[in-house]
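Engineer: Okay, predicted coordinates and the sequence, questions at the end:
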Amino acid sequence: MPPNRWPAWQSTPKFAGDPFPLTDPPETTILSCVSISRVHPPAVAGAFYPGNESALRTAVDALLETANPAPPPPKALIVPHAGYIYSGSTAADGYATLAPAADRLRHLIILGPSHYVGIPAIALPDADALRTPLGDVPLWSSGVEAALNQLDVVIHAPTFAQEHSLEVQLPFIQRLFPDADVLPLACGRIPPDTVAAVLDALWGGEETAVIVSSDLSHYLPYAQARAADAQTIADILGPARLLDHDQACGATPVNGLLLAARARHLTARLISARNSGDTAGDKRRVVGYASLAFDERNAHAPE
């Protein structure tokens, strides 16, 4: 078995049933050389966001046009990952804040939780690109190689078969950062210091940014959710506390970012916060969202 490829028979999904399999795309032969195009197909197009190119472009552009950015562009973001009708406006605030860095950004490290496969590792897709209705986003090849040299990072295609936390970020990236590639990391049952070590190895300079995908509280009444999310945001902005998984479904990658950011003396700040009761949901059971920025000390002035 090749190194850093987690055996499918050891997958342990959180819900009943087998891991969701991926079908390998066909090989493409080009003249005298063979190029194997390994493109991961979209899993939630038409569900979490529009499933056709025109409607998706219109939806993302509309969200960005009405966004409320909070400059300067940061080194790292936390953004939500629900359906666009629920959390798209909050995510757009974060992406619009990062947008002025588009000319210099070449690599975007995206971390999110593995919702469906309880792998005890950080998973990479077995692909060279990720597809949405807007086209294909290439993976950062040298970033993949560097990540696989870190502890508990593996290639594991089943983790990505149904996962939405990373995929919903791609259309924003495609519209704002067309020259950037991505490194998608799905975080399973691992300690946050493992995530922090991977981030430290990939941190880079102004050409690289980090995007952590997480929602906040889940299915509390509106007022209770607002209070709970306010405490979670205070914990993120504070100097010491880490989150638990009742506070954020992406607590593992968030905590990894917090450890890395605090070690590098980044400053955290809130861009915006809402919940599904503010957008398109029932206020009796809401999900919380926030966009937060992490600035380096030499952060660029507003552009």
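Structural biologist: Arrived safely, thanks for sending. Numbering: from 1, shown residues only.
Engineer: From here on, just use CA atoms for contacts and neighbour counts.
Structural biologist: Will do.
Engineer: From residue 264, how far off is residue 203?
Structural biologist: Between residue 203 and residue 264 the distance, using CA to CA, to the nearest Å, works out to 10 Å.
Engineer: The two - which one has more neighbours?
Structural biologist: The neighbour comparison of residue 203 against residue 264 (other CA atoms under 10 Å) goes to residue 203, with 17 against 12.
Engineer: list the contacts for the more buried one?
Structural biologist: The neighbourhood of residue 203, defined by CA atoms under 8 Å, 6 or more residues apart in numbering, consists of residue 209.
Engineer: now it: how far from residue 71?
Structural biologist: Residue 203 sits 21 Å away from residue 71 when distances are taken as CA to CA.
Engineer: One more: residue 253?
Structural biologist: When CA to CA is applied, the distance between residue 253 and residue 71 equals 24 Å.
Engineer: just checking, residue 209 touches residue 111?
Structural biologist: No. At 11.3 Å, residue 209 and residue 111 do not qualify as touching, with contact defined as CA atoms under 8 Å.
Engineer: who's more crowded, those two?
Structural biologist: residue 111 (29 against 23).
Engineer: Which strand residues bridge that one?
Structural biologist: For residue 111, the residues forming beta bridges with it (DSSP bridges) are residue 185, residue 212.
Engineer: Pretty sure it sits against residue 198.
Structural biologist: No. Using CA under 8 Å, residue 111 is not in contact with residue 198, being 10.7 Å away.
Engineer: who touches both of those two?
Structural biologist: With contacts defined as CA under 8 Å, 6+ apart, no residue is adjacent to both residue 111 and residue 198.
Engineer: thought residue 107 was touching residue 209?
Structural biologist: Yes. Taking contact to mean CA under 8 Å, the distance of 6.5 Å between residue 107 and residue 209 places them in contact.
Engineer: what stretches of the stretch 201-303 of the chain score poorly on pLDDT?
Structural biologist: When the per-residue scores of the stretch 201-303 of the chain are filtered using pLDDT under 70, the ranges that remain are 298-303.
Engineer: Which parts of this protein are helices?
Structural biologist: Listed from the start of the chain, the chain has helices (DSSP state H) covering 53-65, 84-98, 141-148, 170-176, 192-202, 222-237, 251-263, 276-279.
Engineer: what's the closest of these to residue 130?
Structural biologist: Distances from residue 130 to each of the helices of the chain were compared using CA to CA; the shortest belongs to helix 170-176, at 8.3 Å.
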